[in-house]
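In: Quick one: sequence and predicted model below, then my questions.
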Amino acid sequence: MLTLALGLTFLILTIYWSFRDWRRAVKAVFFILVIDGAFRKWFLPQASEFIYFFKDFVLFGAYLRYYLYPRPDEPRYQIPNSFVNILIVLASAWCIFQASNPHLGSFLVGILGLKSYLFYIPLIWMMPYLFRSEEELYIFLRNHLCLLIPVGILGIVQFFSPINSPINQYIPGRNEPIATFGFAGSQNVRITGTFSYLNSYQGYLSACFGLLIPIVGYPKTKKWQLIIYMIVFFIALNAFMTGSRTPIFASIVFLIGYFGIRIIKKPEQLILLASRLITFLIFTIPIFWIGFRQVIDSFWLRLSTNEDIGNRVGLGFVGPFDLISATGLDGFGVGATHAGTLSFQLALGLPISPPLPLEIEPEMGRVALELGPIGMMLWYGMRVWIIVALFRTFTQLKRPFLRDLALAGALIHSVLFINQMVFHNTFGLYYWFYTGFLFLLPWLEQVENWRSQQQSYAQWYAQQALDGPDPSHG
C-alpha cells in the first residue's frame, strides 16, 4: 500500500512539473527516452513498468498545459485544415473505433493499444511553438545528439565485455537470452547501449542518424565540428556493434537519397560534400580497420551468412494482404498483438482475449490484424501522404538548414516505412517528431524572414539617423 501511495504521489508531481512548463517537459522527454532503459535494467528494475511509461506521464502533463489550460499570454498554433491532418483524423478515428472491438475482451486493452498508435500525435501541432527560432532548434538537436557520445562509449564497453557481464543484461525477469554474433568460440554481444533491448537501440540510432546529417552541414565553430564528427563516428561504430542490418542499410539508403537529391538541386555542392566525406573517411577508416577490426569481421559474417533480407522486405510489403481472409473487413482491435497485452490483462484481472488465428512479426502484418484492411489502408495511406508532404515542404523552403531537415524527415519516413513504428517504444516518438516538421519548419522560416525584415528596417532607420535630414526636403 505504501509503495502504491508513493508511486501515485510521484506520478502527480511528475505531471505537475511538466504542466508548469510544457516546453521544458517536451524537451525532457527526449532525454528520458535515452536513459530510462538504463534505470529499467540496472538501477530500478523493480519499477520497470512504471519507468516504461514515465516519459508518457511527462508528455501528458505537457498536453494538459498546451491544449486544455494554456496561459493567457501564450497563443496556440492554429492547426491547418490540410489533407495530412484530415488523414490523421480519419486514421485516428478508425483506431478509436477498433479500441472497442469485442475480441479484446475489455476496452482497457483498447486504451493500451491506442497509446501505441495515437499518444504521440498531438506533439506535431505543439512543435511550431516548441522552438522560437531556427537557432534554438539547432541547439536542441545538437545537444540531444551529444548524448550519443556517452551512449556510444557504453556500447563499446558492452561489445568488449563478457556476454554474462551485468552491463549486457536485459530487464531482469524476462528470461530472454542475450543476442550475440560473430565467429564460433569468439561470440560478441549485440549491444543495446542504455536501452532495454536491441530493437529499441537500433531504432534510436536510425532516428538520430537522420537528424545528425543536416547538423553536419550547419555552420559551426571548429570545436563543434570536431564534436559532431565524433558523434558520427560513434553512431556508425555502434550501428555495426548492434549486429543489426537495419540501421546500416537504412543509413546507406538515406545517404544516397540525401546527397543525391541535394546534388540534383544544387550541383555546385558536389565538391564541398565530397571533400567533407573524404576527410571523414581518411580519419575513420584506419580507426575502424585497426582498432575495431573484430567489429567489422563479426558484422560481415552475420551479413554473409544471412540471406533473408529480400524475403523479409518482400514479406513486409506483401504479407499483410494475405491476412484479409483471417480478418475480413474488420480487425481484432488495437492492442490485440501488443506484447504487453497479456501481462496487462493478468495484472488488472481482465478477461483474456481469445488467441489470434496466427502470429506474425512484421509490423505491417500486425497492423493489418488489429485494424483490418480498411484501417490498414487508412493508416498506411496517412503515412504515405506524410512522406509526400515532407518532400513538398523540402521543395518549398528556402533556408538551407530547414530544407535539409525536411528532406531528412521525408527520407527517414521512406527508408524505415516497413520498420516498426507503432510497436516501437523509441522510434514511435521520433516518427511523430519528424512528422511535426511539416508544421514547424515553414513556421520557423516565416519567423526568421520576419526577423530579417525587422533587422533591415532597424538598420535603415539607424543609417537615416546618422546621415541626418535630407537637404532636398528642407
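Out: The structure has been received and is ready for your questions. Residues are numbered from 1 along each chain as shown.
In: any idea how this structure splits into domains?
Out: Domain assignment for the chain by automatic domain parsing gives 1-76, 83-466.
In: Adding mean neighbour count and mean pLDDT, write those domains out as JSON lines.
Out: C-beta here means a position set from N, CA and C on the backbone, and glycine is covered the same way. JSON lines is the format used below for the domains of the chain (neighbours: other C-beta atoms under 10 Å; pLDDT from 0 to 100):
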{"stretch": "domain 1-76", "mean neighbour count": "16", "mean pLDDT": "92"}
{"stretch": "domain 83-466", "mean neighbour count": "17", "mean pLDDT": "89"}
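In: other SSEs contacting whichever strand or helix holds residue 271?
Out: Here residue 271, judged by DSSP states H and E, is contained in helix 270-291. Counting contacts by 3 or more C-beta pairs under 8 Å, 6 or more residues apart in numbering; DSSP states H and E, helix 270-291 packs against helix 222-241, helix 245-265, helix 293-305.
In: Identify the residues contacting the last one?
Out: Outside of helix 293-305, the residues within contact range by C-beta atoms under 8 Å, 6 or more residues apart in numbering are 159, 181-183, 186, 188, 237, 240-241, 243, 245, 248, 288-289.
In: can you tell me which residues contact residue 425?
Out: By C-beta under 8 Å, 6+ apart, the residues touching residue 425 are 52, 200.
In: and if we set it to 10 Å?
Out: 33, 36-37, 52-53, 55-56, 116, 195-197, 199-200, 203, 339 (C-beta atoms under 10 Å, 6 or more residues apart in numbering).
In: Kindly report the same for residue 357.
Out: 323, 325, 326, 327, 332, 369.
In: so residue 225 makes contact with residue 216?
Out: Yes - between residue 225 and residue 216 there is a contact at 8.7 Å, judged by C-beta atoms under 10 Å.
In: that older thread, out of the contacts of residue 425, which are inside strands?
Out: Judged by DSSP state E, strands contain none of these.
In: just to revisit the earlier point, with respect to residue 110, which of the contacts of helix 293-305 is nearest?
Out: Nearest to residue 110 among the contacts of helix 293-305 is residue 245, at 34.4 Å by C-beta to C-beta.
In: ok, the closest one touching residue 306?
Out: Yes - counting by C-beta under 10 Å, residue 245 touches residue 306, with 7.7 Å between them.
In: ok, back up a step: shared neighbours of residue 225 and residue 216, anything?
Out: Residues touching both residue 225 and residue 216 by C-beta under 10 Å, 6+ apart: residue 276.
In: what packs against the top helix by length along the chain?
Out: Looking across the chain with DSSP state H, the single longest helix is helix 363-396. If you count contacts as 3 or more C-beta pairs under 10 Å, 6 or more residues apart in numbering; DSSP states H and E, helix 363-396 packs onto helix 83-98, helix 107-118, helix 245-265, helix 309-318, helix 324-327, helix 400-415, helix 427-435, helix 437-467.
In: Now, the contacts of residue 425 that are in helices?
Out: Members of those lying in helices (criterion: DSSP H): 33, 36, 37, 52, 53, 55, 56, 116, 199, 200, 203.
In: Between which two of the contacts of residue 357 is the distance greatest?
Out: Spatially, the most separated pair among the contacts of residue 357 is 325 and 332, at 13.6 Å (C-beta to C-beta).
In: Nearest to residue 148 among the helices and strands packed on helix 363-396 would be which one?
Out: Of all the helices and strands packed on helix 363-396, it is helix 245-265 that lies closest to residue 148, at 12.5 Å by C-beta to C-beta.
In: Using PDB, list the CA coordinates for that closest one.
Out: Taking C-alpha atoms only, helix 245-265 is exported to PDB below (Å, rounded to 0.1, in the frame of the first residue of the first chain):
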ATOM      1  CA  ARG A 245      21.400  -4.800 -40.700                       C
ATOM      2  CA  THR A 246      18.600  -2.300 -40.400                       C
ATOM      3  CA  PRO A 247      20.500   0.700 -39.200                       C
ATOM      4  CA  ILE A 248      23.400   0.100 -41.600                       C
ATOM      5  CA  PHE A 249      21.200  -0.400 -44.700                       C
ATOM      6  CA  ALA A 250      18.900   2.400 -43.700                       C
ATOM      7  CA  SER A 251      21.900   4.800 -43.300                       C
ATOM      8  CA  ILE A 252      23.300   3.800 -46.700                       C
ATOM      9  CA  VAL A 253      20.000   4.300 -48.500                       C
ATOM     10  CA  PHE A 254      19.400   7.500 -46.600                       C
ATOM     11  CA  LEU A 255      22.800   8.900 -47.600                       C
ATOM     12  CA  ILE A 256      22.300   8.000 -51.200                       C
ATOM     13  CA  GLY A 257      18.900   9.800 -51.300                       C
ATOM     14  CA  TYR A 258      20.000  12.800 -49.200                       C
ATOM     15  CA  PHE A 259      23.200  13.700 -51.100                       C
ATOM     16  CA  GLY A 260      21.700  12.600 -54.400                       C
ATOM     17  CA  ILE A 261      18.800  14.900 -54.100                       C
ATOM     18  CA  ARG A 262      20.900  17.800 -52.800                       C
ATOM     19  CA  ILE A 263      23.300  17.400 -55.700                       C
ATOM     20  CA  ILE A 264      20.500  17.400 -58.200                       C
ATOM     21  CA  LYS A 265      19.100  20.600 -56.600                       C
END
